[in-house]
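Undergrad: Structure of the sequence below:
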Amino acid sequence: MAPTGHNRQPWRFVVVENLDVKRKLLQITLPLDQEMLKRLKTTDPQLYASIRKSAQCTPEDPIYFSASVILFVIGTGEGTESIDCPLVCQNIMLAAHSLGIGSCMVGAGRRGLTEDPEVVKAFELAEEETIYPPIVLGYPKSSPEPPPKKKPKITWI
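TA: Numbers count the residues shown, from 1 in each chain. From the prediction side, this is the model:
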């Protein structure tokens with residue numbers, strides 16, 4: 001039900017529940033994430049600390065957090081896709097929340113996937129398609145307080 005330019009709906013979905021596939025995805029993404037973390041340690045220590053803290057929740061899977069489901073939104077490369085696909089992601093996350101399902105969009109969860117022939121085949125990826133950061137879904141063990149938000153910068157004209 002997400003809004004989309006000219007009703008193109010330039011998305012499709014890949015839902016991963018299979019444990020072996022989840023392990024394969026982690027094998028691809030984890031080393032790339034660790035490389036990025038090494039750089040962040042010196043370039044952005046605050047972000048590094050935040051990522052390390054969230055990874056401690058599931059040290060065996062600091063990318064997908066051992067979620068029940070990993071949902072990939074695949075964009076078709078049409079028109080307003082770069083806006084439409086994030087909108088459908090947010091709608092999915094809001095719908096999940098309304099059902100008591102926890103969700104998190106994981107930027108690191110798409111690293112390296114388009115370079116792996118097995119993933120490209122399994123996801124039926126076309127060359128012009130984009131994998132958006134996956135959404136991990138599951139029933140949370142707890143509901144932590146949301147982090148503080150920055151005050152928005154608003155310019156009135």
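
Undergrad: mind listing the helices for the chain?
TA: Ranges of helices in the chain, per DSSP state H, are 19-43, 45-55, 81-98, 117-122.

Undergrad: wait, which of these is closest to residue 11?
TA: For those, proximity to residue 11 was assessed by C-beta to C-beta; helix 81-98 is nearest, at 5.3 Å. Quick note: C-beta positions are derived from backbone N, CA and C, even for glycine.

Undergrad: what about that closest one, distance to the chain center?
TA: Counting by C-alpha atoms, centre = their mean, to the nearest Å, helix 81-98 is centred 11 Å from the centre of its parent chain.

Undergrad: what sits up against that helix?
TA: Residues from elsewhere that reach helix 81-98 (C-beta atoms under 8 Å, 6 or more residues apart in numbering): 1-5, 8-11, 71, 73, 75, 102-103, 105, 130, 132-133, 135, 137.

Undergrad: what does stretch 129-136 give?
TA: Residues from elsewhere that reach stretch 129-136 (C-beta under 8 Å, 6+ apart): 64-65, 67, 69-77, 81, 85-86, 89, 92-93, 96, 103-110, 113-114, 123, 125.

Undergrad: what about it, distance to the chain center?
TA: With C-alpha atoms, centre = their mean, you get 6 Å for stretch 129-136.
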